[in-house]
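Asker: After the sequence you'll find the predicted model.
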Amino acid sequence: MKTIKLIYTFAFCLFTFVFLFTTTFAQEAKRTTKELETKVQQRDSKKGTDGTTSVGDKIKIIGTSSAVILEIEEETNGAASIIINDKNNSGNNKKLLNEDGNLMWGTEQLATGSGSGGTTYAIGDFAQGGIVFWVDETAQHGLVCTKEEQNGGSRIRWGAGTYTHTMAKGNGPLSGEMNTTIIIANQGIGDGTTYAARVCSELEVTEGGKTYGDWYLPSKQELNLMYINKASIKTTAQANSGLDFQDNYYWSSTEENTVLAWLQFFTNGSRFSSNKAGLRYVRAVRAF
C-alpha cells in the first residue's frame, strides 16, 4: 500500500513539474515574441567557414506578420544595398545603393560626387539661375553670372550721382555682395537715376521655374574670373537664349577712392580705375 502511495506521489510531482515547466516556457516565448517586434534571419547564406560572405548574401528583417520588410544584400562591387519592400507587400520594392559615390534610390539619383552628398558643378554649367564661372574646392558651391547684360543691355554709371568714399573695398571671390550692400547703403536713391549696384541688387531672374533675387555687382576679382572664363560663358549663354559679352568695359563693385572705381576691358582683359560717372556695362552675379 505504501509502495502504491509513493508511486502516486512521484507521478503527481512529475506531472506538476512538467506542467509548470511547459507553462513557464510558453509564457516566456510569448513574452519574448511580443517584445521583439522584428527578428533578423539570414537566409540563402553562402558564408564560408571563415565567416566571410559572398555576393548575393542577404540579411532579411521579418515583420510580425511574417512579411519581409527590409533586406541587406552584398553587391558585385562589394558594397551593401538596402532593399525596402512595399508596405502593401505588392512586390513594388526599391533599392538604396551607393553606386560609385552616387547615392541611388532605385534608378533615381539622390546625390552625387565622391560620396559628398551634394550636387557638383563645373565652369560653364547652366545652373542656379545663371552660368557657373567659379567653383570652390568641393565643386558644390561657387558663383554664377547672368546670361546677358543688366539695365536692358545699356551702359550705366557706377554711383548714384554723388561722389563719396563708400569704402566698398572687397576684392576677392564672394566679396562683391558686401561691396554692393555698402554702396547702396552709402549712395541710397541719389539723384533718382539708377546705378550699377542698385540694378544688380534689384534684379530677379527666373530659370527652371525658380526665381533668384540675390544678385550683386561683382568685385574686381570676380569680374576677372568672368573674363577668364568668358568663352565658356558665351557658349552656355547662347545655348540658353543669352548673349556674348560686349567688347567693352564692365564695372566691378570694388572702389578705388572717392571718384574712381575699378572696371575691366573685356577685349583684352586690362583692368584700371575710372570715373564713377562713366557709363559701362554690367553683369550681375550670385553665390550658391
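Answerer: That came through, no problem.
Asker: Point out where the stretch 101-250 of the chain drops to low pLDDT.
Answerer: The stretch 101-250 of the chain contains residues with pLDDT under 70 at 101-117.
Asker: Which residue ranges of it form strands?
Answerer: With strands called from DSSP state E, counting those that start in this stretch, the stretch 101-250 of the chain shows them at 102-105, 108-111, 126-127, 130-135, 142-145, 205-207, 210-212, 249-255.
Asker: Mind jotting down where the helices sit in this structure?
Answerer: Counting by DSSP state H, one finds helices in the chain at the ranges 2-35, 176-187, 196-201, 220-228, 230-239.
Asker: just to revisit the earlier point, please convert the strands of the stretch 101-250 of the chain to CSV, extending it with distance to residue 183.
Answerer: Glycine gets a C-beta too; all of them are placed from N, C-alpha and C. Below are the strands of the stretch 101-250 of the chain laid out as CSV (distance: least, CB to CB, whole Å):
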stretch, distance to residue 183
strand 102-105, 42
strand 108-111, 38
strand 126-127, 27
strand 130-135, 21
strand 142-145, 18
strand 205-207, 20
strand 210-212, 20
strand 249-255, 6
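Asker: Adding mean neighbour count and distance to residue 274, write the ones you listed out as JSON lines.
Answerer: Compiled in JSON lines, those are given as follows (neighbours: other CB atoms under 10 Å; distance: least, CB to CB, whole Å):
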{"stretch": "strand 102-105", "mean neighbour count": "15", "distance to residue 274": "48"}
{"stretch": "strand 108-111", "mean neighbour count": "12", "distance to residue 274": "45"}
{"stretch": "strand 126-127", "mean neighbour count": "17", "distance to residue 274": "31"}
{"stretch": "strand 130-135", "mean neighbour count": "24", "distance to residue 274": "23"}
{"stretch": "strand 142-145", "mean neighbour count": "25", "distance to residue 274": "21"}
{"stretch": "strand 205-207", "mean neighbour count": "15", "distance to residue 274": "27"}
{"stretch": "strand 210-212", "mean neighbour count": "12", "distance to residue 274": "29"}
{"stretch": "strand 249-255", "mean neighbour count": "26", "distance to residue 274": "7"}
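Asker: Quick one: closest of those to residue 160.
Answerer: Evaluated over these, closeness to residue 160 peaks at strand 249-255, with 13.3 Å, by CB to CB.
Asker: other SSEs contacting that closest one?
Answerer: In terms of contacts (3 or more CB pairs under 8 Å, 6 or more residues apart in numbering; DSSP states H and E), strand 249-255 is packed against helix 176-187, helix 196-201, helix 220-228, strand 260-265.
Asker: again, 7 Å this time
Answerer: helix 176-187, helix 220-228, strand 260-265 (3 or more CB pairs under 7 Å, 6 or more residues apart in numbering; DSSP states H and E).
Asker: can you list the ones you listed in CSV and add distance to residue 280?
Answerer: What follows is these, written out as CSV (distance: least, CB to CB, whole Å):
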stretch, distance to residue 280
helix 176-187, 15
helix 220-228, 11
strand 260-265, 6
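Asker: burial count for residue 269?
Answerer: Counted by other CB atoms under 10 Å, the residues lying close to residue 269 total 11.
Asker: What separation do you get for it and residue 229?
Answerer: Separation of residue 269 from residue 229 (CB to CB, to the nearest Å): 12 Å.
Asker: Tell me which of the helices and strands packed on strand 249-255 sits nearest to residue 120.
Answerer: Residue 120 lies closest, by CB to CB, to one member of the helices and strands packed on strand 249-255: helix 220-228, at 18.3 Å.
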